[in-house]
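> Prediction below, plus the sequence it came from.
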Amino acid sequence: MRRSYYCGEVTAEQIGETVTLMGWVHRRRDHGGLVFVDLRDREGIVQILFGPEHGSDAYETARRMRSEYVIAVTGQVRRRPPGTENVHLKTGEVEVPAAEALILNEARTPVFPLDEERPVGEELRLTYRYLDLRRPSLQRNFRIRHQTSQVVRAFFDRHGFIEVETPALTRSTPEGARDYLVPSRLYPGHFFALPQSPQLFKQLLMVAGFDRYFQIVKCFRDEDLRADRQPEFTQIDVEMSFVDREDVLAMTEEMISTILREVRGVELDRPFPRLRYDEAVARYGLDKPDIRFEMFLVEVSDLFRGTAFRPFADALASGGQVKGIRVQGKTETFSRKMIDDLTEFVKGFGAKGLTPFRMTAEGLQSPVAKFLGPEALEGLVRRFELVAGDLVLAIGDNPAVVAESLGRLRVKLGVELGLIDKTLIRPVWVTDFPLLEYSEEEKRLVAVHHPFTAPMDEDLPLFESAPETMRAKAYDLVINGHELGGGSIRNHDRETQQKMFDALGFSAEQARERFGFLLEALEFGTPPHGGIAFGFDRLIMLLTGADSIREVIAFPKTQRVQCLMTGAPAAVDPVQLKELGLKPDFG
RNA sequence: GGGGCCGUGGUGUAGCCCGGUUAACACGCCGGCCUGUCAAGCCGGAGAUCGCGGGUUCAAGUCCCGUCGGCCCCGCCA
């Protein structure tokens, strides 16, 4: 027997044709004298009919079939009798009466049902991932993933980009995330690191004259997981020579638009809107704004300066600010309890409290109204253009806390109040990030993007005077509030790169030891260059509508970084350790 | 490192607050009947000592402590 069609391909076109199909028993309906089997493969489901008059051996075989048995069937495709068509199936006009049937393999009763999209515990799904992956919804996700990578490769090929593979075994770099380390057998005590990204290699490919590079590449970061983070993940990595920021943004904007068009049939408005980092933080509170809905943060510091409401007055006196967001027409839905819950929520981001103001027909009401003069209350009404039923939630604190807590609150309310049109896909570039920020933990400046990011030309003199105020030629692509990609123009001259290392507090020796090869490369004719990297898994989440990254990774790890199917990570034979010169000390 | 939710036949849940006989329901599974179903139907049956350990109690799925595991979040993720 040789398969002639996929199950899902059998339609009215094949009527009269004798076909051989192979696949899994999706469901069996045994009527005694007549047995229906829904036969499934990756392309879909087709109904097989087993009756003594079509094939008596086949009919007997069908009585032994069970869910997920692997079978082969031969029969002549025919139109279903009138009234028995199934409009829910692509193949629902036809059926295949089985003349011959073979059980290719039996199957244990599945540990969870595969024939419906009912919720199944994730622990089980991950333990039996090969069964989970058999289900239509995951099959669909990986089709989309495959299709997307094909679109990406075709796109870059069309635009003269060359895909170059970079090492998975490389050297550890001090900045950034925790590395996964691989011990070297030949050099005991020395380690490779799995790359957090191919950052330095792609820059060196520019030095090498490739001019336009891309790669769909695995990256590794040993940090704690989230719904959108796995320890190994895939990036679309891009680098270009002789370009400025506009070239990188235009090219990758076209890439994203092409993907959405070809994979989802969605046409994005172009050019993508842009926000500077400081605008994004001022209006949305976050550097990854979800611009599918408004509810902007509005500064009202001037209204509270010198008032008797101590929390705000104190915050302002110590250089802080007061901002609020307006929830339109929802006052009545906010109970005291809900305000309390929201207050707890913002406290998680450092806010000390959350102050509500309710606009009613009688005027603006608030638990703190008694501390405020009519100017402040009227000012709020005017500033927010309040009408009866509106609610304002305000926070006074230092600017970072105000931004973060109100920004997070804004997103939470957007989701919970249904203010977001989930069919929208709204990309936005966030540009002009700070170059450096002070790390309390390390007691020094660290790179906001990474240490190879070029500063804004006009900020170069600030290396000497106020490096923490410098802005970077860095940009992020944010879609629906998720950071999908980020990149920058790089330092291509050795002097600027050296200043950057100086600002980060690396000694000359440290810089040479860790990045000597890069500094040296910069002396051999490095073209101006820049690039970007996109989170491929997150992009697939967007395209599939998945709400967990595990739905778009074939064999993902649990939140505690284990593979429940293989049992990785696992202990190894002491002989292996000895060979690597490792002496375990699991204190 | 911290906070939260969850863990009960093969699967998904109820029961837990308010401790008390044979732990309930649906699906699945096994057997029987059944020639037009597609969540097939009807009849019958098997199957869980309630994640694990300890404690309180005459008595624990239920209360308490610990622990393991899954998920979500904070920290972390240049």
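That came in fine, so what should we check first? Just so we're clear, the structure is a prediction, and the values are computed from it rather than from any experiment.

> Could you list the single helix or strand in chain A with the lowest mean pLDDT?
helix A:336-347 (a mean of 86; mean pLDDT, DSSP states H and E).

> And the contacts of that helix?
If you take Cβ atoms under 8 Å, 6 or more residues apart in numbering as the criterion, helix A:336-347 is touched by A:Gly353, A:Leu354, A:Pro356, A:Leu393, A:Ile395, A:Ser405, A:Leu406, A:Arg408, A:Leu409, A:Lys412, A:Leu413. C-betas here are computed from N, CA, C, even on glycine.

> wait, what's in contact with the first one?
By Cβ under 8 Å, 6+ apart, the contact set of A:Gly353 is A:Pro311, A:Thr343, A:Val346, A:Lys347, A:Ile395.

> if we go to 10 Å?
Going by Cβ atoms under 10 Å, 6 or more residues apart in numbering, A:Gly353 touches A:Pro311, A:Phe312, A:Thr343, A:Val346, A:Lys347, A:Val368, A:Ala394, A:Ile395, A:Gly396, A:Asp397, A:Ser405.

> what pLDDT does the last one get?
Taken from the predicted model, the pLDDT recorded for A:Ser405 is 95.

> Rounded mean pLDDT for the helix or strand just after the least confident helix or strand of chain A, please.
Going down the chain from helix A:336-347, the next helix or strand is strand A:355-360, by DSSP states H and E. For strand A:355-360, mean pLDDT rounds to 93.

> Restrict strand A:355-360 to CA atoms and write it as PDB.
Extracted as PDB, the C-alpha positions of strand A:355-360 are listed here (Å, rounded to 0.1, in the frame of the first residue of the first chain):
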ATOM      1  CA  THR A 355      -5.700  58.500  45.000                       C
ATOM      2  CA  PRO A 356      -9.100  58.400  43.300                       C
ATOM      3  CA  PHE A 357     -11.200  61.300  42.200                       C
ATOM      4  CA  ARG A 358     -14.800  60.700  41.100                       C
ATOM      5  CA  MET A 359     -16.700  63.100  38.900                       C
ATOM      6  CA  THR A 360     -20.300  63.300  39.800                       C
END
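
> angle of that strand against helix A:336-347?
140 degrees (axes from the mean of the first three to the mean of the last three Cα atoms, to 10 degrees).

> continuing past strand A:355-360, what's the next helix or strand?
Next along from strand A:355-360, by DSSP H and E: strand A:363-365.

> mind listing what's buried in that next one?
By 16 or more other Cβ atoms under 10 Å, the buried positions in strand A:363-365 come out as A:Leu364.

> Show me what the longest helix anywhere in chain A is packed up against.
In chain A, taking DSSP state H as the definition, the longest helix is helix A:136-158. Here helix A:136-158 touches strand A:35-41, strand A:44-50, strand A:162-163, strand A:212-220, strand A:232-241, helix A:245-259, helix A:536-544, going by 3 or more Cβ pairs under 10 Å, 6 or more residues apart in numbering; DSSP states H and E.

> How is A:Gly324 assigned, secondary-structure-wise?
Put simply, A:Gly324 is strand when judged by DSSP: H, G, I helix; E, B strand; the rest coil.

> For RNA strand B, give me its nearest residue in the stretch 51-200 of chain A.
Across the stretch 51-200 of chain A, no residue is closer to RNA strand B than A:Gly121, which sits at 2.9 Å (Cβ to the nearest atom of the strand).

> need the contact list for that residue.
When contacts are counted by Cβ under 10 Å, 6+ apart, A:Gly121 touches A:Phe112, A:Thr127.

> Below-threshold pLDDT in chain A: ranges please.
A:587 (pLDDT under 70).

> How much space separates the residue in it that RNA strand B sits nearest to from A:Phe50?
In chain A, the residue that lies nearest RNA strand B is A:Gly32 (2.4 Å; Cβ to the nearest atom of the strand). Distance of A:Gly32 to A:Phe50, given as Cβ to Cβ, to the nearest Å: 11 Å.

> So the two - more neighbours on which side?
A direct count of neighbours by other Cβ atoms under 10 Å for A:Gly32 and A:Phe50 places A:Phe50 higher, at 28 against 6.

> what pairs with the more buried one across the strands?
A:Phe50 has these beta-bridge partners by DSSP bridges: A:Val35.

> which ones are touching it?
A:28, A:30-31, A:33-37, A:56, A:58-63, A:65, A:73, A:75, A:96-98, A:101.

> Mind checking which of those land in helices?
Using DSSP H, those in helices are A:Ser56, A:Ala58, A:Tyr59, A:Glu60, A:Thr61, A:Ala62, A:Arg63.

> Including neighbour count, could those residues go into a markdown table?
Below are the ones in helices among the contacts of A:Phe50 laid out as a markdown table (neighbours: other Cβ atoms under 10 Å):
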| residue | neighbour count |
| --- | --- |
| A:Ser56 | 11 |
| A:Ala58 | 24 |
| A:Tyr59 | 19 |
| A:Glu60 | 13 |
| A:Thr61 | 20 |
| A:Ala62 | 25 |
| A:Arg63 | 11 |
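
> Looks like A:Tyr475 contacts A:Asp244 (just checking).
No: in this structure, A:Tyr475 is not within contact of A:Asp244 by Cβ atoms under 10 Å, at 11.4 Å.

> hey, what's in contact with both of those two?
Counting by Cβ under 10 Å, 6+ apart, the residues touching both A:Tyr475 and A:Asp244 are A:Ile489, A:Gly530.

> Comparing those two, which shows the higher neighbour count?
The residue with more neighbours, out of A:Tyr475 and A:Asp244, is A:Tyr475; 25 against 12, by other Cβ under 10 Å.

> Name whatever forms a beta bridge with that one.
Under the criterion used (DSSP bridges), A:Tyr475 bridges to A:Thr431, A:Gly487.

> Quick one: residues contacting A:Glu551.
A:Asp132, A:Ser137, A:Leu138, A:Asn141, A:Phe142, A:Ala227, A:Asp537, A:Ile540, A:Met541, A:Thr544, A:Gly545.

> does it count as helix, strand or coil?
Assignment for A:Glu551 (three-state DSSP): helix.

> Same question for the one 10 residues further on.
Classification of A:Val561 by three-state DSSP places it in coil.

> That one: how many residues sit nearby?
Neighbourhood size, A:Val561 [other Cβ under 10 Å]: 14.

> now check stretch A:222-232, is it near RNA strand B?
Yes: applying Cβ under 7 Å from any atom of the strand, one finds stretch A:222-232 in contact with RNA strand B at A:Glu223, A:Asp224, A:Leu225, A:Arg226, A:Ala227, A:Asp228, A:Arg229.
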